[in-house]
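Undergrad: For reference, the sequence and a predicted model appear below.
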Amino acid sequence: MSCHLHNASCANRNCLVASSLFDGRFGAEPASSQRRVKEEASVTEFDFTGLLTFWARRWDDILGLVVEHITVVAVALVIAMAIGVGIGMLVWSRPIPRSVTIAAAGVALTIPSLALLAILIPPFGLGWTPTVIALVVYSLLPIVRNTVVGLREVPPAIMESAKGMGMSPVKVLFSIQLPMAWPVILTGVRVAAQLTVGIAAIAAYVAGPGLGAFIFRGLSSLGSKNALNFALTGTVGVIILALLIDAIFVAITRSTTSRGLRA
């Protein structure tokens, strides 16, 4: 009887030892590993209060990046508008040049933004220059296309009447066609603005200006403190800027378009 009890107790001890070894090697994680997982989870969890604190501490940096973002978008749009409207005025009445120009601008728009920025690094380096060039390239298609469409939509009878009054073709273009095509042209600029606001964020890849710096910093340091705050701040900032710029263009369109054309 005592032999059986001794064997049973030994078997129990062996089971306990085996169970503890199994848990240590394959099952329960060490306390340090559990703490590390909890710390990493707490770092990547969203904390609204922490985000507000982050904004308060880095407000000057955020405001500076917002100003940079708006500036680079504005510069690119002005250049693209000058080039795009000019090209549209030259080719709108010529079928072959018109088709070639719009097709070329369309091909440029299909180039991935990161690829285009990488191509621009060897000749232009990093920073503002490749960013502005890339934004201008992506802005040309909607501006050129809408300029052509707007000029072609002007009724021929109106242009013939203007020519019958002694107006030269150039004067008809600037005095009649462009004002009537203005709402359509401005719609193209509005579309280009939305494109450039988003692509400007990607320009942080080439050390470009703007809120993309926060997005890339957050993504490159995921798991560290404030990584999520950096990424969220940049992303939310870009979204808000896009909405504000779109609202501004709506207001400009309404205020600069005559009531007759709006109707």
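TA: Everything's here; your move. Numbers count the residues shown, from 1 in each chain.

Undergrad: The host helix or strand of Ile143 - contacts with which helices or strands?
TA: Element membership of Ile143 [criterion: DSSP states H and E] is helix 128-152. Helix 128-152 is packed against helix 59-91, helix 95-110, helix 113-124, helix 178-202, with contacts defined by 3 or more Cβ pairs under 8 Å, 6 or more residues apart in numbering; DSSP states H and E. Backbone N, C-alpha and C define where each C-beta goes, glycine included.

Undergrad: Please identify the buried residues of the last one?
TA: Of the residues in helix 178-202, those scored as buried under the neighbour-count criterion (16 or more other Cβ atoms under 10 Å) are 178, 180-202.

Undergrad: got the angle for that helix vs helix 59-91?
TA: Relative orientation of helix 178-202 versus helix 59-91 (axes from the mean of the first three to the mean of the last three Cα atoms, to 10 degrees): 140 degrees.

Undergrad: Skip ahead from helix 178-202 and say which helix or strand is next.
TA: By DSSP H and E, the next helix or strand past helix 178-202 is helix 212-220.

Undergrad: where does whatever helix or strand comes next after that next one sit relative to the chain's centre, distance-wise?
TA: Downstream of helix 212-220, the next assigned helix or strand under DSSP H and E is helix 227-256. Centroid separation for helix 227-256 versus its chain: 10 Å, with Cα atoms, centre = their mean, to the nearest Å.

Undergrad: other SSEs contacting helix 227-256?
TA: helix 31-44, helix 48-57, helix 59-91, helix 178-202, helix 212-220.

Undergrad: pLDDT on that helix, on average?
TA: Mean pLDDT, helix 227-256: 92.

Undergrad: Then stretch 172-180?
TA: In this model, stretch 172-180 has a mean pLDDT of 90.

Undergrad: quick one: contacts of that stretch?
TA: By Cβ atoms under 8 Å, 6 or more residues apart in numbering, the surrounding residues in contact with stretch 172-180 are 89, 150-151, 153-154, 158-159, 162-163, 167, 185, 258, 261.

Undergrad: rerun at 7 Å
TA: With contacts defined as Cβ atoms under 7 Å, 6 or more residues apart in numbering, stretch 172-180 is touched by 89, 151, 154, 158-159, 162-163, 167, 261.

Undergrad: Now for the residues you listed: which two are most distant?
TA: Maximum pairwise distance among the contacts of stretch 172-180 (Cβ to Cβ): 21.0 Å, between Lys163 and Leu261.

Undergrad: Just the closest of the contacts of stretch 172-180 to Leu65, please.
TA: Nearest to Leu65 among the contacts of stretch 172-180, counting by Cβ to Cβ, is Met89 at 36.1 Å.

Undergrad: Domains in the protein, by residue range?
TA: 2-39, 48-262 (automatic domain parsing).

Undergrad: With that, I have no additional questions.
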